[in-house]
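# The following comprises the amino acid sequence and a computationally predicted model.
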Amino acid sequence: MRVSTEASSPSANQLQEIVTKNVRVLIAAQNVNQEDLSTALGIAQSGLSRKVNRRTDWSASDIANLANFFHLSFAEIVTPLPLFSLSSGTASKSLIAHYQPFVNMLHYPRCEGAAGQN
């Protein structure tokens with residue numbers, strides 16, 4: 001059962017999917033355990049597990065805390081990883097190169113109107 005207090009619009013679902021995939025990539029690439037991440041987010045490990053498995057939604061506060069934990073901007077957390085280089089945040093080409101093997105394993109939903117996409 002999916003629990004959400006948010007409206008289930010296609011755009012909201014797309015955002016949740018992007019954040020979830022980015023978190024999975026970041027966890028794997030930085031060898032982060034869920035217990036440490038859940039502590040940093042101020043939620044129970046079981047709550048983080050529900051979010052990572054898309055049974056509950058990420059809140060704006062969660063996303064801001066994720067950005068802080070991974071030393072990224074809020075925009076980078078909500079942007080598919082291959083598009084990081086388009087942001088004015090802290091991501092660099094070396095960051096893209098580092099995460100690319102993990103990103104290649106994922107399929108992001110098409111972001112309508114995103115820069116660099118036709």
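Structure received. Numbers count the residues shown, from 1 in each chain.
# From now on I want contacts and neighbour counts done on CA atoms only, so please keep to that.
Noted.
# Give the next helix or strand downstream of the strand or helix carrying residue 38.
Assessed by DSSP states H and E, residue 38 sits inside helix 34-41. As assigned by DSSP H and E, the chain's next helix or strand after helix 34-41 is helix 45-52.
# how about the helix or strand just after that next one: buried residues?
Remark: after helix 45-52, the chain's next helix or strand is helix 60-70, criterion DSSP H and E. Of the residues in helix 60-70, 62, 63, 64, 65, 66, 67 count as buried by neighbour count, 16 or more other Cα atoms under 10 Å.
# And stretch 11-25, by the same measure?
Result for stretch 11-25 [16+ other Cα under 10 Å]: buried residues 13-25.
# Residue 39: which of those is nearest?
Closest approach to residue 39 among the buried residues of stretch 11-25 (Cα to Cα): residue 23, at 15.0 Å.
# Does anything pack onto the helix or strand that contains the closest one? Which helices or strands?
According to DSSP H and E, residue 23 maps onto helix 10-29. On a contact count with 3 or more Cα pairs under 8 Å, 6 or more residues apart in numbering; DSSP states H and E, helix 10-29 meets helix 45-52, helix 74-77, helix 93-103.
# I'd say residue 63 and residue 74 touch.
Yes - contact criterion Cα atoms under 8 Å: residue 63 and residue 74 qualify, at 6.5 Å.
# sorry, back to before: let me know the average pLDDT across the helix holding residue 38.
Predicted confidence along helix 34-41 averages 94 (mean pLDDT).
# ok and it relative to helix 10-29, angle-wise?
120 degrees (axes from the mean of the first three to the mean of the last three Cα atoms, to 10 degrees).
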